[in-house]
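K.L.:
Got a sequence here, can you build the structure:
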Amino acid sequence: MSEVYVSEPSTQYFMRPRDQRFEDLPSLKAMVENRRSVARTFDVPLEKLTVETAQYVKPGATNGGKPAIFFNAPSSPFSLLPTHWSFGQMCSRALAPAAYLRQLSMDLAVQCLREGYAKRAADQEGDTRLLAQPVFGVDGAEDDDTWELRSGTSTSYGRIWDIEVVELVERIIDATGGKFQNPLVWETKQDGTHKRGGLYGSDRDVFMFFVDGGSIVDGGGDRDQLHRGFYVWNSEVGAATFGIACFLFRGVCGNHQIWGAEQLTELRIRHTLNAPDRFVAEAGPALKEYVNQPAAPLEAKIRQAKAFEIPGAPDQSKLIEFGKKHDFTGSEIKLAIAYAQREEGGDVVNLWTLMQGLTASARDMAWIDSRVDLERRAGKLMKLAA
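P.N.:
Model (predicted):
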């Protein structure tokens, strides 16, 4: 596992529309389980893939429909209507820029795609793998002639299904007796209680964020009670890798901003041909090991960081000198000292307090990239106490 930084849960909180938010894991599971049960995949030689335009009317619709681009394959009994995401992938299969083709007339875009597929087939570029599912009309009826094309990849794409990832998280939660929960959000229900969030699912991905509300790592001070947290993500249509990020933290806000993150690690699995096997062999054991690891070694690291006295501290010039040796600017150290004195109390004399000041100052940065960079460099300081 390697380092990762924890602005992502808050980013997800702000960017996701309401119809992609779930309050509990069973609700998210039902959605991805249902679409997996109806999904079908087709491996199609590029020379057999056809593209056409036609008028499309959803079942139960009262309007006259609209023109659309469809993909057809001999192995599919249905015409395939692409999503925005899969259309981009199908353009990539033709080596054509999707943004440009979307500006053209449909007839001209279809001609470009046909020529692109023909050229790649002539160059023996191989097959494409299509993922499709039924289209349901406005009245809930299934379209007898058209399916939705959710993804178009190469045949070397190793799909990890979203339902497999959700079930992995479900097993881990159950195995820990429900100790981990998706966190509260600021939004309230009609009965006055807060809703839970951190669980998201769209037509192209899933994201799940869980925290342990109990203080499981005791660093020896009133403000050194740390909790475990992790988040997991995946895209079964090629929009993202599969990944797990694990960390310790002091607190989490209602907008899922994480405070005082420590011990940040990550496992990523790209959707290559052996991805499903790696998922089975690595993902479950890695997450299970994290949630079950004893607190004592982590507490020992915190004590070591507290015992690591910075030479010359609390003199500010000596702290700045120390910081510059470890990739920090003088202004960053000055700001960290101010934050540490305000939030920790007392002077900055040891490595642990300086790290808390750095991560606290990063929390208020306007730009995520700057915040992540400062968190990364602050996290590296822990190695000095090992």
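K.L.:
so which helix or strand takes in Glu148?
P.N.:
Assigned by DSSP states H and E, Glu148 belongs to strand 142-154.
K.L.:
Buried residues of that strand, list them for me.
P.N.:
For strand 142-154, a neighbour-count test (16 or more other CB atoms under 10 Å) marks Asp143, Thr146, Trp147, Glu148, Leu149, Arg150, Ser151, Gly152, Thr153, Ser154 as buried. (C-beta placed from N, C-alpha, C; glycine too.)
K.L.:
which residues touch that strand?
P.N.:
With CB atoms under 8 Å, 6 or more residues apart in numbering as the test, strand 142-154 has contacts from 39-40, 56, 58-59, 70-71, 76, 78-83, 85-86, 89-90, 93, 126-137, 203-204, 236-238.
K.L.:
starting at the chain centroid, how far to the helix or strand containing Glu170?
P.N.:
Following DSSP H and E, one finds Glu170 within helix 162-175. Distance of helix 162-175 from the chain centroid (CA atoms, centre = their mean, to the nearest Å) equals 15 Å.
K.L.:
Paired strands for the very next helix or strand once past it, with orientation please.
P.N.:
Downstream of helix 162-175, the next assigned helix or strand under DSSP H and E is strand 180-181. Sheet pairing for strand 180-181, assigned by DSSP bridges, gives strand 206-212 (antiparallel).
K.L.:
Just the angle for the partner strand relative to helix 162-175, thanks.
P.N.:
Angle of strand 206-212 versus helix 162-175, following axes from the mean of the first three to the mean of the last three CA atoms, to 10 degrees, is 10 degrees.
K.L.:
Can you report the mean pLDDT over the residues of strand 206-212?
P.N.:
Mean pLDDT, computed over strand 206-212, is 95.
K.L.:
So what touches that strand?
P.N.:
9, 12, 25, 28, 32, 162, 165-166, 169, 173, 179-183, 198-201, 227-235, 249, 252, 256, 291.
K.L.:
quick one: pLDDT of the nearest residue in space to Lys29 that is not next to it in sequence?
P.N.:
Using CB to CB, 6 or more residues apart in numbering and skipping residues adjacent in sequence, the residue nearest Lys29 is Val166, 4.9 Å away. Val166 is assigned a predicted lDDT (pLDDT) of 96.
K.L.:
contacting residues around Val166?
P.N.:
Counted by CB under 8 Å, 6+ apart, Val166 has contacts Leu25, Leu28, Lys29, Val32, Glu33, Val206, Met208.
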